[in-house]
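Peer 1: need a 3D model of the sequence below.
(2 chains)
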Amino acid sequence: MTRDSDDPPARRRFLVQGAAAAAALVGGRARAEEAAPPAIPDGMKSPGADVGSQTYGTPSRFEADVIRNVPKGLKQYTSASSRTPLQELDGILTPNGLFYERHHGGIPDIDPARHRLMIHGLVETPLILTMDDIRRFPSESHIYFLECSGNPGFEAIKGKTASDLVGLVSCAEWTGVRLATVLREAGLKPEAQWVVAEGADAAALTRSIPIDKCLDDALLVYSQNGERLRPQQGYPLRVLLPGFEGNMNVKWLRRLNVTAEPAYSREETSKYTDSMPDGTARQFTFLMEAKSIITRPSGTQRIAPGFHEISGIAWTGRGKIRGVQVTTDGGRTWQDAALQEPVLTRALTRFRLPWTWDGQPTTIMSRAVDETGYVQPSFSDLTAVRGLKSFYHNNATVPWRIAGSGEVSNGYA
Amino acid sequence: MATRNTRVLAAALLLLGSVGAGRAAERYGIGRAATAAEIAAWDIDIDRDGRKLPPGSGSVAHGRDVFAAQCASCHGARGEGGIGDPLVGGRGSLASAKPLKTVGSFWPYAPTLFDYIRRAMPMNAPESLSTDDVYAVSAYILNLNGLVPDEAVLDAQALAAVRMPNRDGFVPDPRPDVR
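Peer 2: Residues are numbered from 1 along each chain as shown, chains lettered A, B, ... in the order given. The predicted model follows:
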């Protein structure tokens, strides 16, 4: 609601109009009549805003409530996260301004002209690259999802919306250079087994990446959905490891240390490890397993009896989504949803199923299957193996309860 | 330019040599060589065995003062936690219904403590503590957890020698584990 906050008159105008729009949504009738025949829409009676009146375009003012989902009342916001409003989006690409955030030391403000990437350790020639240097390498563009490993946790899955529950996933087209290309420019020594990536943020966030991933599909990216990375996504340079947990995709990348062993940094020992019921913790749990969620209808929405298109997103770190099954009767029967082409490797896949609601209370839910045959588990199957304390890598199915009133709510709550 | 030509030649030799398939490839001659001094100025990575810990030392007693000034406002006067994570306690709790994951109960390697404090703490002014202060705060946090005595002074060798209780508590990723 505060996009115009540094322009008080514009903001006041916006708020008044926003309030009118909100009233129309509730009341409906007055505004609907205004646009219905025989009246001619106001916008046809006089010219609209000039070309270039916004030199960087923003969404319609009527979309002002489609914003990042920022949790309220956190102890601090330096190391925290905000979520993508999944239930408001279509297709598979997340707008850059709505991409989820997870920062560990705030968002640095980096001048790309002053930024440097150092590559050192077990290499023939340690290198320093400028951003201009990095953009000279052969480039590639790929669409990949990115997901935080704690999306959501295992305890108290109390959110109301799809965003509250699974909003720490987003998807974009990324452009950059293969990490392998840059490592080969420095020349890997035979004993190179890991690459320790460090961010230029106040956490100097550090994660170790196995060399096989570095030489496979890993990228160093500088653009997202066609424009340069946003500061929140690592401007001017980040690591992109398709299918691996979000925090490994080090943002604001400044250093790559090629090593024989992992760094065993705080992030990969005491932080991003998964605690099991026997007291052990799983370490180097890189992969994000197959997952899906229905985003429409979803929590806090209200439906009427009759036709509805069920729609949602599915993804897997193991490759492509093979299929998505949807139940509209609480898990008794499952139907195959249609997958929107193209179905891409390690990208979000949009699924849809036509459905006519009969007005009876029920529970709807989706279940993804990936190209390896892995099936997204139920929460009870998942926790039977891992207990409730692992926090990370909860990829369980998400049930939405539909009341007789048409109110949709969290089936976990 | 001589350097670049040398590198291109080196790349050609590597191609002819026994470098594993997939690791040798053409080079583009982009960027410049980093000097040893530049690398030393930026490389703050500490390995789990502490071989890369820098010269310097700090005592538990000095660490108590540094902690009170720099850490206690978030982590509590004795590391019990607050805005920041608890750093103390939880030994024996990891297999219980309420695991308390702290430096004492969970962290596997003492040198990681030095690495993390130096790079990321205090949260409002990371990389502001001197090397000796980082050793001292590490010593105090380990002391609060009963892992070093009150009179301890930690340097690279002494910190690396601290065996953390949960050193062997980590296991590899067995997924897919749910079918």
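Peer 1: residue contacts, the closest residue to chain B within the stretch 151-300 of chain A?
Peer 2: Closest approach between the stretch 151-300 of chain A and chain B, counting by CB to the nearest CB: residue A:279, at 3.1 Å. Any C-beta I mention is one placed from the backbone N, CA and C, and that applies to glycine too. With contact set as CB atoms under 8 Å, 6 or more residues apart in numbering or on different chains, residue A:279 has these partners: B:94-96, B:99, B:169.
Peer 1: spit out the contact partners of the closest residue to chain A within chain B.
Peer 2: Closest residue of chain B to chain A, CB to the nearest CB: residue B:95 (3.1 Å). Contacts for residue B:95 (CB under 8 Å, 6+ apart) come out as A:277-279.
Peer 1: how about a cut-off of 6 Å?
Peer 2: By CB atoms under 6 Å, 6 or more residues apart in numbering or on different chains, residue B:95 lies in contact with A:278-279.
Peer 1: that one in helix, strand or coil?
Peer 2: Following DSSP: H, G, I helix; E, B strand; the rest coil, the label given to residue B:95 is coil.
Peer 1: run a quick neighbour tally on the residue lying closest to residue A:183 once chain neighbours are set aside.
Peer 2: Spatial nearest neighbour of residue A:183, chain neighbours left out: residue A:214 (6.1 Å); criterion: CB to CB, 6 or more residues apart in numbering or on different chains. Per other CB atoms under 10 Å in any protein chain shown, the neighbour tally for residue A:214 reads 24.
Peer 1: what's residue 72 sitting at in phi/psi?
Peer 2: This is for chain A. For residue A:72, the backbone dihedrals (degrees, to the nearest 10) come out as phi -90, psi 150.
Peer 1: that's the wrong chain, I meant chain B
Peer 2: Torsion angles, degrees, to the nearest 10, at residue B:72: phi -60, psi -30.
Peer 1: burial measure for it, as a count.
Peer 2: 17.
Peer 1: how far does stretch A:394-412 stretch from start to finish?
Peer 2: End-to-end span of stretch A:394-412 (CA to CA, to the nearest Å): 13 Å.
Peer 1: doesn't residue A:223 fall inside a strand?
Peer 2: Yes - counting by three-state DSSP, residue A:223 is part of a strand.
Peer 1: burial of it, as a residue count?
Peer 2: Other residues lying near residue A:223 total 17 when counted by other CB under 10 Å.
Peer 1: is it in a bridge, and if so with what?
Peer 2: On the basis of DSSP bridges, residue A:223 is bridged to residue A:175, residue A:228.
Peer 1: in this model residue A:175 seems to touch it, though I could be wrong.
Peer 2: Yes - counting by CB atoms under 6 Å, residue A:223 does reach residue A:175; the two are 3.9 Å apart.
Peer 1: mind listing the helices for the chain?
Peer 2: Because you didn't say which chain, this covers chain A. A:8-27, A:29-35, A:131-136, A:162-166, A:179-186, A:211-214, A:266, A:379-386 (DSSP state H).
Peer 1: my bad, chain B
Peer 2: Using DSSP H, helices in chain B cover B:2-16, B:36-42, B:60-70, B:72-75, B:110-120, B:131-144, B:156-161.
Peer 1: tabulate the CA atom coordinates of the fifth one in CSV.
Peer 2: The one in question is helix B:110-120. Taking Å, rounded to 0.1, in the frame of the first residue of the first chain, the C-alpha atoms of helix B:110-120 are listed here in CSV:
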residue,chain,number,x,y,z
ALA,B,110,35.0,-25.6,17.7
PRO,B,111,36.9,-23.8,14.8
THR,B,112,33.6,-23.1,13.1
LEU,B,113,32.7,-20.9,16.1
PHE,B,114,35.7,-18.7,15.3
ASP,B,115,34.8,-18.7,11.6
TYR,B,116,31.2,-17.7,12.2
ILE,B,117,31.8,-15.1,14.9
ARG,B,118,34.5,-13.4,12.8
ARG,B,119,32.5,-13.3,9.6
ALA,B,120,29.0,-12.6,10.9
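Peer 1: can you give me the angle it makes with helix B:131-144?
Peer 2: Relative orientation of helix B:110-120 versus helix B:131-144 (axes from the mean of the first three to the mean of the last three CA atoms, to 10 degrees): 130 degrees.
Peer 1: and chain B, what are its domains?
Peer 2: Domain assignment of chain B by automatic domain parsing yields the ranges B:2-33, B:57-161.
Peer 1: residue A:68: neighbour count?
Peer 2: Neighbours around residue A:68, by other CB under 10 Å: 17.
Peer 1: which residues touch the residue lying closest to it once chain neighbours are set aside?
Peer 2: Using CB to CB, 6+ apart and skipping the chain neighbours, the partner closest in space to residue A:68 is residue A:82 (4.3 Å). Neighbouring residues of residue A:82 by CB under 6 Å, 6+ apart: A:68, A:70, A:101.
Peer 1: got the contact list for the nearest residue to residue A:186 once chain neighbours are set aside?
Peer 2: Computed as CB to CB, 6+ apart, the closest residue to residue A:186 that is not its neighbour in sequence is residue A:123, at 3.9 Å. Going by CB under 6 Å, 6+ apart, residue A:123 touches A:186-187, A:258.
Peer 1: again, 10 Å this time
Peer 2: A:183-189, A:192, A:195, A:256-258, B:34 (CB atoms under 10 Å, 6 or more residues apart in numbering or on different chains).
Peer 1: what of residue A:306?
Peer 2: By CB under 10 Å, 6+ apart, the residues touching residue A:306 are A:355-359.
Peer 1: identify, from these, the entry nearest to chain B.
Peer 2: Chain B lies nearest to residue A:355 out of the contacts of residue A:306, by CB to the nearest CB, at 28.1 Å.
Peer 1: check residue A:30 and give its pLDDT.
Peer 2: We have a pLDDT of 51 for residue A:30.
Peer 1: an error on my part: the question was meant for residue A:308.
Peer 2: Residue A:308 carries a pLDDT value of 98.
Peer 1: isn't it right up against residue A:298?
Peer 2: No - using CB atoms under 10 Å, residue A:308 is not in contact with residue A:298; the gap is 11.5 Å.
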